[in-house]
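Chemist: Here is a sequence with its predicted model. Questions after.
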Amino acid sequence: MSHSYAFRKFKNRLFFFLCLLCVVIAIVPLLSILYEVIVRGTPQLSLHFLTANGLQGGIGPAIQGTLIIIGLTSLIGIPVGVLSGVYLAEYGNNKYASTLRNVNNVLTEFPSIVVGITAFTIIVVGIIGTFSPLAGAVALSFILIPIVARTTEESLKLVPDSIREASLALGVRRWRTILSVILPTARNGLITGTLLAVARIAGETAPLLFTILGNSYFFQGFNQPMDALPIRIFLDSRQPSAQIQAQGWGAALVLILIVLTLNIGVRIASRGRLGR
Amino acid sequence: MAGEDKEMNSSDMAEKVCVGQQMPAGKMQSIQLSAWFGAKQALTDISLTIRASSVTAIIGPSGCGKSTFIRCLNRMHELVPGAKMSGQVLLDGKNIYANEVDPVLIRRKVGMVFQKPNPFPTMSIYDNVAAGLRLTGMKKGKSLDEVVKHSLEQATLWDEVKDDLKKSGASISGGQQQRLCIARAIALEPEVILMDEPCSALDPIATAKIEELIVSLKRNYTVVIVTHNMQQAARVSDFTAFLYLGQLIEYGETKNVFENPKRELTEKYLTGKFG
């Protein structure tokens, strides 16, 4: 009896340790990357490095460009993505919507380099005729929209039907129910999902190489190439000079810090009055 | 009620309703109401009249169509995917399923309280009560503060929450939440209040409070309450309808239905022989 109890206890432990082991396997590479970036990037940080242009050995234009591209992409992508998600969750009880849902899921996994080439062909070559921050924002929106749409749909599906019914039974119209009751109830999930999506596009490199190209100077207009941190990191890493490679590490650290700040900032700013 | 007379003259169905029912024309009336979920029929030819300023209880075993019936009275039934209905429901003699009727406006006149308390979790107590007026864009002569206070008073919740109006609607106890939901429904000044087993998720003390409240509500409103608790129906209602397998078995004054049921099935259910 006691033997079998000990064995069951052992099995229980074993399962727990297997889970723990897998967590360690998952987290070790991440921590080692973070460690490497901090150790190699921190010595680069200085006011000059953060504000000077590329020719003077700074990453000012890259930081500015990344902020511009994140802003523009969010401006295009978040509203479109959230409303698509609302359609799928609240009006998506038909066969067109389930087709759309599948297409959207495929787009979520779409290789970003293909998005980059597509944006290059259609926008850079076709519409605008030059490399442009706008082309970059559109390309990144193609990546952002399906992710935001999916997380929006999933967040809205978590809102209990009883809440929907409560509002509709008051004689509140459907659009008003969605805007004033369902979206606020799903707010936490929406914000988290959207932030993860924005963090993901902030690090995208391939689409930007085809659309904004990179630039040593600060923003020069919507029909000119622009720099961004991922491009800076990519280009610096391919230079033979140790000094420029070190600048790439610095740029990587700054990119991580920007994403982190954005995350924390939005969370604090959107903390509700009844915060939970 | 002129509209109703016209309806009855013009329709054979309506005439049938009067047969065997000595009750005067009421606030609401269902005429040969049938309802389906997909291919499954939930209600068959329910015809009954709900009297104004009274409490009507709908009783019957689980799955007999009680909830479906009252959800047909404010057009909530049709929101369920695959749900269908036929027949008519009259509110003050007018068919609420007529083509030109906007279901949203019907729901403002026929309010509803659900089985599980469902306050809006992101809104404060105050905002929950004000939600109906704010979100429907209904402007009132009285200020919002007054409506909120009056509604909470009618729902006998005011004294318990008057200092905590800014707290989340989800932060109070289950019984208080249910009274909050009643206050939220009352704030729109509906004509009829439908309650779908409003006490089934509550403890006995909270239940007693809600029952007291229901009796007091009939002064200003017509109340229809679904309950699986026969004692509750006997305590709070003036009229009782017994539904079984989607059919109306018996309907009449509560006293008569309970003390002197006309149908054997009703008696069997009331004495606990099945259910």
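Modeler: Nice, thanks for sending it over.
Chemist: Could you pick out the residues of chain A near chain B for me?
Modeler: Within chain A, the residues that sit near chain B (C-beta under 8 Å from any C-beta of the partner chain) are A:93, A:160, A:162-163, A:165-173, A:176-177, A:180-181, A:184-185, A:187, A:272-274, A:276. Heads up, the C-betas are built off the backbone N, CA and C, glycines and all.
Chemist: for B:Leu188, phi and psi?
Modeler: As for B:Leu188, its main-chain torsions (degrees, to the nearest 10) stand at phi -80, psi 0.
Chemist: ok, now B:Ile249?
Modeler: Backbone torsions for B:Ile249, taken as degrees, to the nearest 10, come to phi -90, psi -40.
Chemist: pretty sure it contacts B:Thr266?
Modeler: Yes: taking contact to mean C-beta atoms under 8 Å, the distance of 5.7 Å between B:Ile249 and B:Thr266 places them in contact.
Chemist: Need the residues touching each of these two.
Modeler: With contacts defined as C-beta atoms under 8 Å, 6 or more residues apart in numbering or on different chains, the residues shared by B:Ile249 and B:Thr266 are B:Phe242.
Chemist: all helices in chain A, in order from the N-terminus.
Modeler: For chain A, applying DSSP state H gives helices covering A:2-41, A:47-51, A:60-90, A:95-108, A:112-119, A:133-157, A:161-169, A:174-177, A:183-185, A:187-202, A:206-211, A:229-237, A:242-269.
Chemist: Indicate the residue of chain A located nearest to chain B.
Modeler: A:Gly171 (3.2 Å; C-beta to the nearest C-beta).
Chemist: what's the closest non-adjacent residue to that residue?
Modeler: For A:Gly171, the nearest residue in space outside its immediate sequence neighbours is B:Arg108; the separation is 3.2 Å by C-beta to C-beta, 6 or more residues apart in numbering or on different chains.
Chemist: swap in B:Arg71?
Modeler: Counting by C-beta to C-beta, 6+ apart, B:His77 is the residue found nearest to B:Arg71 once chain neighbours are left out, at 4.1 Å.
Chemist: returning to what we had before: so when I look at the residue nearest to A:Gly171, I'm seeing a helix, right?
Modeler: Yes: secondary structure of B:Arg108 (DSSP: H, G, I helix; E, B strand; the rest coil): part of a helix.
Chemist: Contact partners for B:Ala83?
Modeler: With C-beta under 8 Å, 6+ apart as the criterion, the residues that contact B:Ala83 are B:35-37, B:77.
Chemist: In chain B, which residue is most central in space?
Modeler: Centroid check for chain B by C-alpha atoms, centre = their mean gives B:Leu194 as the closest residue, at 1.5 Å.
Chemist: Tell me what it is bridged to.
Modeler: On DSSP bridges, the residues paired with B:Leu194 through beta bridges are B:Met112, B:Val224.
Chemist: so it touches B:Val110, yeah?
Modeler: Yes: assessed by C-beta under 8 Å, B:Leu194 is found in contact with B:Val110 at 6.3 Å.
Chemist: okay, and the common contacts of these two?
Modeler: Contact criterion C-beta under 8 Å, 6+ apart; residues bridging B:Leu194 and B:Val110 by contacting each: B:73-74.
Chemist: related to what we said a few turns ago, how close does the residue of chain A closest to chain B sit to B:Glu100?
Modeler: Noted for A:Gly171: a distance of 17 Å to B:Glu100, by C-beta to C-beta, to the nearest Å.
Chemist: Tell me which of the two has more neighbours.
Modeler: Neighbours were counted for A:Gly171 and for B:Glu100 using other C-beta atoms under 10 Å in any protein chain shown; A:Gly171 has more, 24 against 5.
Chemist: close enough to count as contact, that one and B:Thr136?
Modeler: Yes: in this structure, A:Gly171 is within contact of B:Thr136 by C-beta under 8 Å, at 5.5 Å.
Chemist: picking up where we left off before, with secondary structure as new columns, can the contacts of B:Ala83 be given to me in CSV?
Modeler: Rendered in CSV, the data for those read as follows (three-state DSSP):
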residue, secondary structure
B:Ala35, strand
B:Trp36, strand
B:Phe37, strand
B:His77, helix
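Chemist: May I ask which of these has the most neighbours?
Modeler: Highest neighbour count within the contacts of B:Ala83: B:Ala35, with 24 neighbours (other C-beta under 10 Å).
Chemist: What count of nearby residues applies to the closest residue to A:Thr51 other than its chain neighbours?
Modeler: Counting by C-beta to C-beta, 6+ apart, A:Thr51 lies nearest to A:Gly60, which is 4.7 Å off, once chain neighbours are set aside. A count of nearby residues for A:Gly60, using other C-beta under 10 Å, gives 19.
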